[in-house]
Structures are given as structure tokens and as C-alpha cells.
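>>> below are the sequence and a predicted model; questions follow.
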Amino acid sequence: MKTVVTSQSAPAAIGPYSHGTEFNGLIFTSGQLPVDSATGKVVEGGITEQSVQSLKNLVSVLEAGGGDADTVLKTTCYLANISDFAAFNAVYADVFKTDCPARSCFAVKDLPLGVLVEVEAIAHKK
């Protein structure tokens with residue numbers, strides 16, 4: 001049976017979707033934007049600050065679903081500008097220190113709220 005995952009530390013969804021779902025020991029997250037849950041606003045700064053916040057939100061959803069950064073199997077990362085790839089990688093490497101998950105990362109035309117990055121993941125429960 002599918003279970004909805006909700007994190008109290010991640011910002012509220014900006015549309016008709018959940019933070020994630022859990023099914024048969026797997027956690028599927030929605031894309032996490034660089035929105036501060038305390039203010040409900042996009043964090044100020046560039047790609048580094050926005051990457052930190054998106055990944056912080058992602059980990060909070062994973063933890064709410066019974067996983068963490070170490071249980072991630074695959075991420076999909078969306079960048080507003082591919083020239084931000086190196087800066088994004090530097091932040092990403094701080095979160096996924098060992099046994100990096102499989103990943104797709106590419107630039108897209110636009111992201112919600114005009115942000116620079118969005119990250120989603122598939123993980124397993126601990």
C-alpha cells in the first residue's frame with residue numbers, strides 16, 4: 001500500500017502533490033525547491049545557496065519517509081543554467097559523501113518560482 005510522506009521541515013507543496021510517497025520500502029520524493037520552510041520564500045543567493053536549501057529539503061523528506069542521504073538510489077537534478085553544474089556538484093558532494101547514487105542532471109528552460117535548482121530522489125527505507 002502506498003503511504004504519503006510529509007516532512008514538517010520541508011516547505012509546503014506549491015501544487016497538488018505530496019512531498020513524497022513510500023511503497024514497498026521505496027521512497028519517491030517530489031522535486032525539492034530551494035524554499036525555506038520558515039519563511040516560505042526562495043532562499044537568497046546564487047546556485048550554491050539554492051543547492052544547499054534544495055538538498056536540505058530533500059533530506060528532510062527522505063528522513064520523514066524512513067530513509068536518509070545514504071539510502072538514496074537515484075537522483076534527478078534540474079538546473080536552470082548548465083554553467084552552474086560545477087558549483088552544484090560541489091554542494092551535492094557534501095551531501096552524498098560515500099557511495100554516490102546514480103544521477104541524471106541537466107538544464108531545463110524554466111523551474112517553478114524562477115529558482116536555479118530542483119532535486120528529486122528515489123531511496124529505500126533503512
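Perfect, I can see it now. Residues are numbered from 1 along each chain as shown.
>>> if we go by neighbour counts, what in stretch 6-24 is buried?
7, 10-11, 18-22 (16 or more other CB atoms under 10 Å). For every residue, glycine as well, the C-beta is placed using N, CA and C.
>>> how much distance is there from stretch 69-77 to the middle of the chain?
9 Å (CA atoms, centre = their mean, to the nearest Å).
>>> typo on my end, it should be stretch 3-20
Distance, centroid of stretch 3-20 to centroid of chain: 12 Å (CA atoms, centre = their mean).
>>> which residues does it contact?
The contact list for stretch 3-20, computed with CB atoms under 8 Å, 6 or more residues apart in numbering, reads 21-23, 27-30, 32-33, 35-37, 40, 57, 60-65, 112-113.
>>> what mean pLDDT does it have?
Average pLDDT, stretch 3-20: 93.
>>> out of the buried residues of stretch 6-24, who's nearest residue 90?
Residue 90 has its nearest neighbour among the buried residues of stretch 6-24 in residue 10, at 22.6 Å by CB to CB.
>>> secondary structure class for the closest one?
Under DSSP: H, G, I helix; E, B strand; the rest coil, residue 10 falls in the coil class.
>>> tell me how many other residues surround the closest residue to residue 36 other than its chain neighbours.
Leaving aside its sequence neighbours, residue 36 sits nearest to residue 43 (CB to CB, 6 or more residues apart in numbering; 5.4 Å). Neighbour count for residue 43, taken as other CB atoms under 10 Å: 18.
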